[in-house]
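Participant: have a look; sequence and predicted model below, questions after that.
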Amino acid sequence: MRGYRLIVGMWIRSTMTYRASFVLSTVGNAAITLLDFVAITVMFSHVDALGGFTLPEIGFLYGSCSASLGLADLFLGNTDRIGARIRDGSLDTMLVRPVPVLAQVAADRFALRRLGRVTQGLGVLAWALSLLDVQWTVGKVLLVPVMLLAGAGIFAAVMVAGAAFQFVAGDAAEVQNSFTYGGATMLQYPPAVFAKDLLRGVTFIVPLAFVNWLPALYVLGRPDPLGLPGWAAFLSPLVALVVFLPASLAWRAGVRSYRSTGS
């Protein structure tokens, strides 16, 4: 963690050299990602509900998964560059430094502007919570921040697993993005609009449903389409840990199998 903090600090100091550029890029990042929710609001100008969910309920799904992905993207988003480093041999320079390779890869070119996605997601989430008619309990109140952090952990695990896969595939950044950015797009919509087989896949194989679907259904008082019990909504932190274990093992195996390009 110390090596990660030092590298991140270096990139933050570099970013803050041009503060106006940083502010503009952060605002632009937030505005671009917000367009997804604008498209949803346009859709609701023609319908009253989507999959049985109202616009504030969709906003709850959107804001939670967007904030979770934004956090994971902020701290580990650069792992998708590992394929390029493998191809051009620049990964060799990281292997000889006294800092774990994953910390270097994750912190390389740390982009503070990605805070725009986090801020935008939290803004939509706050707007949705202000309009939702929810019977709040202590468990539901605590579940919201836990859902955000655990969701970020699940996305981070998927990013690490995708980076590990690039040691084998060479250039699989888009495969990784299909599970992270593509998964986040799917999680913006109610699970009822998707086929049961897809729901089973994102619950039991790549457990993206634990990012926000299951916790959100519990908060909103809605049943799970797969019939899972209500306490499953509280498993997100455990799922994040369980997913990270094989992802970290895959990363270690990928680093051990790496052979330099010789350049």
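Facilitator: Structure's in. What do you need?

Participant: only C-alpha atoms from now on, for both contacts and neighbour counts.
Facilitator: Fine.

Participant: measure the closest residue to residue 68 other than its chain neighbours to residue 221 for me?
Facilitator: Nearest residue to residue 68, sequence neighbours excluded (Cα to Cα, 6 or more residues apart in numbering): residue 152, at 4.3 Å. The gap separating residue 152 from residue 221 is 23 Å, by Cα to Cα, to the nearest Å.

Participant: remind me which helix or strand residue 63 belongs to.
Facilitator: Using DSSP states H and E, residue 63 sits within helix 55-76.

Participant: figure out how far that helix is from the centre of its chain.
Facilitator: Average the C-alpha atoms of helix 55-76, do the same for its chain, and the two points are 8 Å apart (Cα atoms, centre = their mean, to the nearest Å).

Participant: could you point out which element follows that helix?
Facilitator: Heading C-terminal from helix 55-76 (DSSP H and E), you reach helix 82-88.

Participant: which other helices and strands contact that next one?
Facilitator: With contacts defined as 3 or more Cα pairs under 8 Å, 6 or more residues apart in numbering; DSSP states H and E, the packing partners of helix 82-88 are helix 138-169.

Participant: now do the helix it packs on and helix 55-76, the angle between them.
Facilitator: Relative orientation of helix 138-169 and helix 55-76, computed by axes from the mean of the first three to the mean of the last three Cα atoms, to 10 degrees: 50 degrees.

Participant: okay but residue 129 is in contact with residue 58, surely?
Facilitator: No. Using Cα atoms under 8 Å, residue 129 is not in contact with residue 58, being 10.8 Å away.

Participant: between those two, who's got more neighbours?
Facilitator: Taking neighbours as other Cα atoms under 10 Å, residue 129 and residue 58 compare with residue 58 leading, 26 against 16.

Participant: quick one: contacts for that one?
Facilitator: Shown here is residue 58, whose contacts under the criterion Cα atoms under 8 Å, 6 or more residues apart in numbering are 188-190.

Participant: point out where this structure drops to low pLDDT.
Facilitator: The chain contains residues with pLDDT under 70 at 11, 170-172, 261-263.

Participant: and the helices in it?
Facilitator: Using DSSP state H, the helices found in the chain span residues 2-16, 19-43, 55-76, 82-88, 91-95, 101-107, 115-131, 138-169, 173-187, 196-200, 213-220, 236-257.

Participant: how about the fourth one, which residues are buried there?
Facilitator: Same thing as helix 82-88. Buried residues in helix 82-88, counting neighbours by 16 or more other Cα atoms under 10 Å, are found at 82-86.

Participant: between those, which is nearest residue 157?
Facilitator: Within the buried residues of helix 82-88, distances to residue 157 taken as Cα to Cα reach their minimum at residue 82, with 15.2 Å.

Participant: what comes up buried for stretch 130-144?
Facilitator: Of all the residues in stretch 130-144, those buried under the rule 16+ other Cα under 10 Å are 140, 143-144.

Participant: alright, that wraps it up for me.
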